[in-house]
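# Got a predicted structure here, sequence first:
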Amino acid sequence: MATLSDIPGRVMLVGAGKMGGAMLEGWLDLGLEPAKAAVIDPGPPPEVASMLAARGVALNPLNGGPPAVMVLAVKPQVAPDVLARVAPLASPDTLIVSVMAGRTLGFLEAAFAPGQPVVRSIPNTPAAIGRGVTVAVANAAVSEGQASIADALLRATGGVEWVEDEALIDVATAVSGSGPAYVFLLAEALAAAGAQAGLPPDMADRLARATVSGAGELMRRSGIDPAQLRRNVTSPNGTTAAALAVLMDEERGFGPLLADAVVAAARRSRELAG
Ligand SMILES: NC(=O)C1=CN([C@@H]2O[C@H](COP(=O)(O)OP(=O)(O)OC[C@H]3O[C@@H](n4cnc5c(N)ncnc54)[C@H](OP(=O)(O)O)[C@@H]3O)[C@@H](O)[C@H]2O)C=CC1
Ligand SMILES: O=C(O)[C@@H]1CCC=N1
C-alpha cells in the first residue's frame, strides 16, 4: 500500500474550491510536503488562498514540469475548457484523478493522451474533517502502483471503495456524494418542524443539530445496524412509533421519497457525463 511520500513527483490540484481545498488540507495534514503540491485555480476562495500561503503551496506555478498526479476538482460544467488548458501540463505517465460528478472515464480519456492513466472518483464533503467516503473506478491504463497512489490520496480524506463497473459511480454520487445534503436537510426540516410545533426557533435548531450529529456518531461508534438503532428508540406504542407511522408510510414516507431523490441525482450525474 502506497503512502503520500511514495508519490514520485508533484501532486497538481486543478480547482481548489470546497472539495479540492478539503482534499489538499487532508494531504498536507498527512505529510505531503508542500513543495510536492501545486494548485491551479485562477480564483481560489480566500480561506483556501490563505491556507496555500500559510503552508507554502505554489499557486498557479508557471513551471515545475509534468506532475506525477493531476487531481481535477473543477465544476463538471467548466471541464471541457479547463481540461483543454491543463492537459498540456501532463505527461503520458501523469496519473489523472477526477472528483468531478458525472464526467466519465471516456470524457477524461479523450482530453488527455491515448493510454493516459485515469481514475474517476466521487468524494463527499465530510472529507473536510477526514470523515468522507469516496467511490472510485480506474481505467485499464492505471498500473497497480498508480492505483495505490490514487487510493492513498483519496484515503487521506476518509474511506475509499473501488468499483469495476463505472455505472455504479453515478449511483454512488446520488447516495454518498450528494448524501450529506440530504442529512443536513433532515436537520433543517426537523428544526423547522420543532419551531412550527412550538419550540423557540433557536432551541429547535440546537436540538436538531445535536440529534442528527449525535445519532450519526452513535451509529459510527456502536457499529450497530441503523435499523436496530431505530428499534432501540422505538417503544411499543410510544411516541417514536407514532412518528414512524408517518415517516415509514410505503407511499409517502422516507423510503419512496429518498428512492426518488437518488434516482433524480443519478440521472443528473449521467446527464453531466459529456
Ligand atoms: N461539493 C461537493 O459536495 C462535491 C463536489 N464534487 C465535485 O467536486 C468538484 C468541485 O466542486 P466544489 O468544490 O463543490 O466546487 P467549487 O466551485 O467550490 O470549486 C471549484 C473551484 O474550481 C475553480 N475554477 C474555476 N475555473 C477554473 C479553472 N479554469 N482552472 C482551475 N480552477 C478553476 C473555481 O473558482 P471560481 O469559484 O472562481 O469559479 C473553484 O475555486 C465538482 O466537479 C463536483 O462535482 C464531488 C463530490 C462532492
Ligand atoms: O451537487 C453536485 O453536483 C456535487 C456532486 C456531489 C455533491 N455535490
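Sure, I can see it. Residues are numbered from 1 along each chain as shown. Ligands and ions are numbered 1, 2, ... in the order given.
# Tell me how far the residue of the stretch 151-274 of the chain found nearest ligand 2 lies from residue 123.
Among residues of the stretch 151-274 of the chain, the one nearest ligand 2 by Cβ to the nearest ligand atom turns out to be residue 177. It sits 3.5 Å away. Yep, even glycine has a C-beta here, placed from its N, CA and C like the rest. Shown here: residue 177 relative to residue 123, a distance of 7 Å by Cβ to Cβ, to the nearest Å.
# Can you tell me the element the nearest residue to residue 174 once chain neighbours are set aside falls in?
What sits nearest to residue 174 in space, not counting adjacent residues and going by Cβ to Cβ, 6 or more residues apart in numbering, is residue 265, at 3.5 Å. When secondary structure is defined by DSSP states H and E, residue 265 falls within helix 254-271.
# Contacts for that helix, please.
Outside of helix 254-271, the residues within contact range by Cβ atoms under 8 Å, 6 or more residues apart in numbering are 101-102, 169-171, 173-175, 177-178, 182, 247-248, 250.
# before we move on, the earlier item: show the model's pLDDT score for the residue of the stretch 151-274 of the chain closest to ligand 2.
In the prediction, the pLDDT value recorded for residue 177 is 98.
# State the distance from it to ligand 1.
In this structure, residue 177 and ligand 1 are separated by 4 Å, where distance is defined by Cβ to the nearest ligand atom, to the nearest Å.
# for residue 191, same thing?
Relative to ligand 1, residue 191 is positioned 21 Å away (Cβ to the nearest ligand atom).
# Next, count neighbours for that residue.
Burial measure for residue 191: 22 neighbouring residues, criterion other Cβ atoms under 10 Å.
# before we move on, what about residue 100?
Residue 100 is flanked by 25 other residues according to other Cβ under 10 Å.
# Which ones among the contacts of helix 254-271 map onto helices?
Under the assignment DSSP state H, the contacts of helix 254-271 contribute 169, 170, 171, 182, 247 to helices.
# who's in contact with the second one?
Contacts for residue 170 were tallied using Cβ under 8 Å, 6+ apart; they are 102, 266, 269, 270.
# what's the closest non-adjacent residue to it?
Nearest residue to residue 170 in three dimensions, chain neighbours excluded: residue 269, at 4.0 Å (Cβ to Cβ, 6+ apart).
# ok, the one you found to residue 217 distance?
29 Å.
# Of the two, which one has the most company?
residue 269 (23 against 10).
# Could you please name the strands the helix or strand hosting residue 39 pairs with and the direction of each pair?
With secondary structure defined by DSSP H and E, residue 39 is part of strand 37-40. If you go by DSSP bridges, strand 37-40 pairs up with strand 11-14 (parallel), strand 58-59 (parallel).
# What's the first helix or strand after the first one?
What it means is strand 11-14. Scanning the chain past strand 11-14 towards its C-terminal end, the next helix or strand to appear is helix 18-29 (assignment: DSSP H and E).
# So which residues make contact with that next one?
Residues beyond helix 18-29 that count as contacts (Cβ under 8 Å, 6+ apart) turn out to be 4, 11, 13-14, 16, 34, 37, 39, 41, 44-45, 47-48, 51, 55, 57, 71, 73-74, 99, 123, 125, 127-128, 130, 132, 153, 156-157.
# how about 6 Å then?
The list of residues contacting helix 18-29 from outside it, by Cβ atoms under 6 Å, 6 or more residues apart in numbering, reads 4, 13, 48, 55, 73, 99, 127, 128, 156, 157.
# cool, and stretch 37-57?
Outside of stretch 37-57, the residues within contact range by Cβ under 6 Å, 6+ apart are 10-16, 21, 28, 34, 58-61.
# So which of these is the closest to ligand 1?
residue 15 (3.1 Å).
# Can you name the residues of the stretch 1-150 of the chain that neighbour ligand 2?
For the stretch 1-150 of the chain, the residues found near ligand 2 under the criterion Cβ under 6 Å from any ligand atom are residue 101.
# OK, now which residue of the stretch 1-150 of the chain is nearest to ligand 2?
Ligand 2 sits closest to residue 101 of the stretch 1-150 of the chain, with a gap of 3.6 Å, by Cβ to the nearest ligand atom.
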